[in-house]
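[1] Kindly generate the corresponding structure for this input.
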Amino acid sequence: MTSLSALTLPDHTQLPDSDGTFVFAKRAGGKNLQEHLQSILITNSIKPVLEQLHPDSQYCIGQDSGIYWRLTNPPEKGAEAPDWFYVPNVPPTLDGKPSR
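    Coordinates of the predicted model:
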């Protein structure tokens, strides 16, 4: 068994950003057309709270984006694409590069 310390985790530039399945398959699988509007409503509803919690804007909100949460081969098998998500305490940019 491989120990966690022996694993080399890929960085964001080494992970696939699309495979034509995990986001698109969700939409083809019967998701409603209100999903995008619902995401906007959720975000707008909690925005005042987020601004209080994170006056430095150190958070991320997204939707239908692949989130890698486990090591798999191929990598996209370890990804999910939630309809909406919030991640606290992350910078809006990576080392001065463009937004995520």
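[2] ok, and what's touching the longest helix seen in the chain?
    Looking across the chain with DSSP state H, the single longest helix is helix 35-53. Applying CB atoms under 8 Å, 6 or more residues apart in numbering, the contact partners of helix 35-53 are Tyr59, Ile61, Gln63, Asp83, Trp84, Tyr86, Pro88. Quick note: C-beta positions are derived from backbone N, CA and C, even for glycine.
[3] what sits against the third one?
    In other words, Gln63. Gln63 touches Glu35, His36, Ser39, Pro82, Asp83, Trp84, Phe85, counting by CB under 8 Å, 6+ apart.
[4] Go again with 7 Å.
    Listed by CB atoms under 7 Å, 6 or more residues apart in numbering, the contact set of Gln63 reads Ser39, Asp83, Trp84.
[5] which stretches of this structure form helices?
    For the chain, the helices defined by DSSP H cover 24-28, 35-53.
[6] can you tell which of those helices is closest to Gly78?
    Taking CB to CB, helix 24-28 is the member of those nearest to Gly78, at 15.8 Å.
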